[in-house]
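Visitor: could you look at this predicted model? Sequence included:
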Amino acid sequence: MTTTPDTRPENRVLIFDTTLRDGEQSPGATMTHAEKLEIAELLDEMGVDIIEAGFPIASEGDFKAVSEIARQSKQATICGLARANYKDIDRCWEAVKQARSPRIHTFIGTSPLHRAIPNLSQDEMAQRIHDTVTHARNLCDNVQWSPMDATRTEWDYLARVVEIAIKAGATTINIPDTVGYTAPVESADLIRRLIAEVPGADEIIFATHCHNDLGMATANSLAAVEGGARQIECTINGLGERAGNTALEEVVMALKVRHDIMPWDTGVDTRRIMNISRRVATVSGFPVQFNKAIVGKNAFAHESGIHQDGMLKNAETFEIMRPEDVGLAGTSLPLGKHSGRAALRAKLKELGHEMAENQLNDTFVRFKELADRKKEVYDDDLIALVRQNEAVSDRVRLKSLKVICGTEGPQHAEMTLTIDDEEKSVDATGDGPVDATFNAIKALFPHEARLQLYQVAAVTEGTDAQATVSVRLEEDGRIATGQSADTDTVVASAKAYINAVNRLLVRREKTAPNADVKGVGYMDAGE
Ligand code: KIV
Ligand code: ZN
């Protein structure tokens, strides 16, 4: 069988988004089925070329999500991940085959450290690569192969296995910097050398997949393109294992803003960046750091007098791109309690949250409640309000909470929860109002999860500001994060904890069978 040469123009770089696979592997970043479908739809609409929708063998949930995304995709190629064995590859094909354009992505760790785990010799691994890529290519015309930990693989062996994979029918060869170890100059050289020296390399597409352990992922990805790669693998907000992956918004905007020195185009509609960034932050439970490039809250904020003065005279003095280019409104006017539904709808749209009528009605009621309590409702208050409405699962819900606190302890929390549609109440005590509140949740919904993180941040300024609370729970190695916002910090804490519990319940269901698959057992499945 022959490979399919790429006929796209030389200056086109394909964007391969792996938010739903590599991104979802971040501890705690579990998404529900409906959330995955929604993110895939947003990626498809924004013009991403390839969506890696999941790891079909990993769980029944992953399989269903990849299959349904494959059926719903309108433009993007839908890809699934598979280890180097027939069972994984067959399962992957089952999931992606209904896509308009399916792709199988199969991988194996080729560096000495990774070869040692399955204890394969170089020759045995080379044979396995030949057999599994051939098997994948017999099923699907579009096959991507990755030598995991490529940047720590001996050059001779890497060149040898890349050649084998190309001959076996791989149409894309991805070169992962799995541990974020490489530097830009090496990243460019490696791809350049593979293209120059491996027979058949000019027939296929080289991809770059960089992790951010040294903060160089985006720079390494762009350098790889300089070296000849024509596919960048990335995630929204840079979500991913450990320090994350190359951020989609960073590479796409860098190519747009510095087209003078990096003359490559992508098909991504950059005006959709902010909306998808916010959705991914919400559904993954991973808030975006304030100073994150492109999508951080402060990326287009100007605080100091000198900067504000410059901005008022000419925005280009301190901005290298326009906020509108990433889907932000240029200016913002705070809303108040006299604002109506139309003003709220317009403001939410400006902030990248288009809502259906029912959702808007719900948000409007909460907005009015907030506006009654607060003088001005800022953009960030609204964003927090929208996030708070987007609960992952409704098995456990807060009905009411009354806390008694002060200098005379112990503090009391009288709480009613609705658990699986049944109301339960308790009066719990604790060392402080938050401790009492969390004890009440534990009494009403007993669980073994350990509180790993509890963080409070003010959304805006003033004593009437909303507090955003993040909670991270751990149970048998499963991690779930929850977030909520309220002008009452203790209420926000209760809701964030309950949000994390609900995510944990989703995670419990998801990781029941094949729980090891996303961990170290990446070579174990039988053929
Ligand atoms: O980082 C990595 O090596 C991966 C592979 C599965 C491509 O995610
Ligand atoms: Zn990765």
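Guide: It's in. Residues are numbered from 1 along each chain as shown. Ligands and ions are numbered 1, 2, ... in the order given.
Visitor: what residues sit buried inside the lengthiest helix in the chain?
Guide: Counting residues, the longest helix in the chain under DSSP state H turns out to be helix 489-511. By neighbour count on 16 or more other CB atoms under 10 Å, the buried set for helix 489-511 is 489-507, 510-511. Using the backbone N, CA and C atoms, a C-beta is placed for each residue, glycine as well.
Visitor: with stretch 250-270 instead?
Guide: So stretch 250-270, judged by 16+ other CB under 10 Å, has buried residues 250-256, 262, 264, 266-268, 270.
Visitor: greatest separation within those residues: which pair is it?
Guide: Across those, the longest distance by CB to CB is 16.8 Å; it joins 250 and 267.
Visitor: from ligand 1, how far off is the residue sitting furthest away from the middle of the chain?
Guide: Going by CA atoms, centre = their mean, the residue of the chain most distant from its centre is residue 408, 44.9 Å out. According to CB to the nearest ligand atom, to the nearest Å, residue 408 and ligand 1 sit 55 Å apart.
Visitor: and that residue, what is it in contact with?
Guide: Residues near residue 408 by CB atoms under 8 Å, 6 or more residues apart in numbering: none.
Visitor: so which helix or strand takes in it?
Guide: Element membership for residue 408, per DSSP states H and E: none, as it lies in no helix or strand.
Visitor: so what's it scoring on pLDDT?
Guide: Reading off the confidence values, residue 408 has pLDDT 83.
Visitor: then residue 421?
Guide: For residue 421, the pLDDT comes out at 87.
Visitor: how near is it to residue 491?
Guide: 22 Å (CB to CB, to the nearest Å).
Visitor: how about residue 418?
Guide: On the measure of CB to CB, residue 418 and residue 491 end up 16 Å apart.
Visitor: what of residue 123?
Guide: Relative to residue 491, residue 123 is positioned 63 Å away (criterion: CB to CB).
Visitor: cool, residue 152 as well?
Guide: 49 Å.
Visitor: same check on residue 455?
Guide: Distance from residue 455 to residue 491, by CB to CB: 16 Å.
Visitor: same question, residue 482
Guide: 14 Å.
Visitor: tell me the residues of the protein that contact ligand 1?
Guide: Residues of the chain lying close to ligand 1 by CB under 6 Å from any ligand atom are 22, 107, 146, 148, 174, 176, 178, 209, 211.
Visitor: most surrounded residue in those residues?
Guide: residue 209 (29 neighbours; other CB atoms under 10 Å).
Visitor: let's verify it: helix, strand, or coil?
Guide: Residue 209 carries the three-state label strand when classified by DSSP: H, G, I helix; E, B strand; the rest coil.
Visitor: tally of neighbours for residue 290?
Guide: Residue 290, neighbours per other CB under 10 Å, totals 11.
Visitor: who's in contact with residue 439?
Guide: Residue 439 touches 413, 428, 429, 430, counting by CB under 8 Å, 6+ apart.
Visitor: sec struct for it, please.
Guide: Taking three-state DSSP, the label given to residue 439 is helix.
Visitor: quick one, helices of the stretch 401-527 of the chain?
Guide: Assigned by DSSP state H, counting those that start in this stretch, the stretch 401-527 of the chain shows helices spanning 433-444, 489-511.
Visitor: nearest to residue 286, of the ones you listed?
Guide: helix 489-511 (11.7 Å).
Visitor: so which residues make contact with the helix or strand where residue 164 lies?
Guide: Using DSSP H and E, residue 164 sits within helix 155-168. For helix 155-168, contacts defined as CB under 8 Å, 6+ apart pick out 3, 110, 122, 125-126, 129-130, 133-134, 137, 145, 147, 150, 173, 193-194, 197-201, 203-204.
Visitor: in strands, which of the residues you listed appear?
Guide: For the contacts of helix 155-168, the ones inside strands are 145, 147, 173, with DSSP state E as the criterion.
Visitor: looking at these, which is nearest residue 63?
Guide: For the ones in strands among the contacts of helix 155-168, the nearest to residue 63 is residue 145 (21.4 Å; CB to CB).
Visitor: show me where pLDDT drops low in the stretch 401-527 of the chain?
Guide: For the stretch 401-527 of the chain, residues meeting the criterion pLDDT under 70 lie at 459-461, 509-527.
Visitor: and the longest helix of the chain, what does it pack onto?
Guide: Helix 489-511 sits against helix 60-72, strand 396-404, strand 411-419, helix 433-444, strand 450-458, strand 467-475, strand 478-486, with contacts defined as 3 or more CB pairs under 8 Å, 6 or more residues apart in numbering; DSSP states H and E.
Visitor: so which of the ones you listed comes closest to residue 187?
Guide: helix 60-72 (29.3 Å).
Visitor: for the helix or strand just after that closest one, output the C-alpha coordinates as PDB.
Guide: Heading C-terminal from helix 60-72, the first helix or strand you meet, by DSSP H and E, is strand 77-83. The C-alpha atoms that make up strand 77-83 are tabulated as PDB, following Å, rounded to 0.1, in the frame of the first residue of the first chain:
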ATOM      1  CA  THR A  77     -10.600  14.800  10.800                       C
ATOM      2  CA  ILE A  78     -11.400  12.800  14.000                       C
ATOM      3  CA  CYS A  79      -8.500  10.800  15.500                       C
ATOM      4  CA  GLY A  80      -8.300   8.300  18.300                       C
ATOM      5  CA  LEU A  81      -5.200   7.100  20.200                       C
ATOM      6  CA  ALA A  82      -4.000   3.500  20.300                       C
ATOM      7  CA  ARG A  83      -1.000   1.800  21.800                       C
END
